[in-house]
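Enquirer: 3D, please:
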Amino acid sequence: MNVNAPSRYLRVAFEAAALIARNLRRARDFATVPLRHHDGYRLCAMRRAHLAGALALYAELHEGRAMDLPRRCLYRLAGNRLGVVALDNKGRVVGAAFYGFSSRDLREGRVHSSFSGVHPAHRGRGLATELRRTAILHFRANGVRGYSSRISADNIASLKPSLRLGFRIAERYHDPVSGELRYYLVCDFDDDYLDDSTQGLTPEPEPQPPTTETERKAVP
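Expert: Residues are numbered from 1 along each chain as shown. Take a look at the predicted model:
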């Protein structure tokens with residue numbers, strides 16, 4: 001029996017609880033992600049009704065690997081403030097973006113993109129850019145200074161729209177597991193953000209779905 005196993009499990013549990021608590025505290029007073037439209041798609045808050053589709057897309061784009069349990073719990077509790085989905089005209093999730101706060105993000109006043117992706121059948125229509133734009137509008141309106149992301153150097157589909165919106169490469173490093181070259185990018189909304197097409201735009205109010213008393217109590 002590995003005598004270190006109990007302490008390892010406790011450490012993992014503590015880190016998971018800290019991640020959830022840190023993000024819930026930071027996002028507690030955030031408004032819901034606003035509703036926007038783009039080329040027949042709806043971009044909106046990741047509500048619980050959308051979470052299964054968003055997680056399925058995440059797994060599909062990660063060769064079947066599911067998102068870890070702590071983050072699944074986090075987005076169930078606060079997905080409408082920390083996640084964005086793109087819906088087609090049938091209401092299906094065809095794009096998703098998950099955000100959160102690490103200790104570094106809290107120190108620097110930024111929010112981190114842990115995943116942003118679009119289903120292959122819906123690429124080439126600007127949805128990757130619009131997912132990021134929706135997030136930037138949302139987090140800036142809620143007092144966040146900027147936005148950070150980690151992207152592999154060969155992931156052109158994610159890198160190009162990020163640079164187009166004003167992200168700058170702050171660090172270059174090699175992933176210790178895969179060995180691939182990755183970039184740590186930041187975009188401070190007031191200094192770096194390049195897009196002017198949405199300046200002065202008032203987002204549309206999103207219809208609020210009915211909730212049960214149990215669901216209302218579960219939301220922090």
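
Enquirer: nearest residue to Leu55 other than its sequence neighbours?
Expert: Spatial nearest neighbour of Leu55, excluding adjacent residues (C-beta to C-beta, 6 or more residues apart in numbering): Met67 at 5.8 Å. (Each C-beta comes from the backbone N, C-alpha and C, glycine too.)

Enquirer: OK, contacts around the one you found?
Expert: Met67 makes contacts with Leu55, Tyr58, Ala59, Phe98, Phe115, as judged by C-beta atoms under 8 Å, 6 or more residues apart in numbering.

Enquirer: just the buried residues of these.
Expert: Neighbour counting by 16 or more other C-beta atoms under 10 Å classes Leu55, Tyr58, Phe98, Phe115 among the contacts of Met67 as buried.

Enquirer: ok, which stretches of this structure are strands?
Expert: Per DSSP state E, the chain carries strands over the ranges 36-38, 41-45, 83-87, 93-100, 110-118, 146-152, 168-174, 181-188.

Enquirer: just put those strands in TSV and tack on distance to Phe30 and mean pLDDT.
Expert: Formatted as TSV, those follow (distance: least, C-beta to C-beta, whole Å; pLDDT from 0 to 100):
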stretch	distance to Phe30	mean pLDDT
strand 36-38	17	97
strand 41-45	10	98
strand 83-87	11	98
strand 93-100	11	98
strand 110-118	10	93
strand 146-152	14	92
strand 168-174	25	94
strand 181-188	19	94
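
Enquirer: how about those in JSON lines, adding distance to Gly124?
Expert: Listed next are the strands of the chain as JSON lines, based on distance: least, C-beta to C-beta, whole Å:
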{"stretch": "strand 36-38", "distance to Gly124": "13"}
{"stretch": "strand 41-45", "distance to Gly124": "13"}
{"stretch": "strand 83-87", "distance to Gly124": "13"}
{"stretch": "strand 93-100", "distance to Gly124": "12"}
{"stretch": "strand 110-118", "distance to Gly124": "9"}
{"stretch": "strand 146-152", "distance to Gly124": "19"}
{"stretch": "strand 168-174", "distance to Gly124": "25"}
{"stretch": "strand 181-188", "distance to Gly124": "22"}
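
Enquirer: out of those, the one nearest Arg25 is which?
Expert: strand 93-100 (12.0 Å; C-beta to C-beta).

Enquirer: quick one: strands adjacent to the closest one?
Expert: Strand 93-100 pairs in its sheet with strand 83-87 (antiparallel), strand 110-118 (antiparallel), by DSSP bridges.

Enquirer: CA atoms only for the last one - export them in CSV, please.
Expert: As requested, the backbone C-alpha atoms of strand 110-118 are provided in CSV (Å, rounded to 0.1, in the frame of the first residue of the first chain):
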residue,chain,number,x,y,z
ARG,A,110,-7.3,38.9,-15.6
VAL,A,111,-9.6,35.9,-16.5
HIS,A,112,-8.2,32.8,-18.1
SER,A,113,-9.6,30.9,-21.1
SER,A,114,-9.4,27.2,-20.2
PHE,A,115,-11.0,26.1,-23.5
SER,A,116,-12.6,27.6,-26.5
GLY,A,117,-13.7,25.5,-29.5
VAL,A,118,-16.1,25.2,-32.4
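
Enquirer: contacts for that strand?
Expert: Identification of contacts with strand 110-118 by C-beta under 8 Å, 6+ apart yields 57-58, 61, 67, 71, 86, 94-102, 105, 127-128, 131-132, 135, 139, 144-150, 158, 186, 188.
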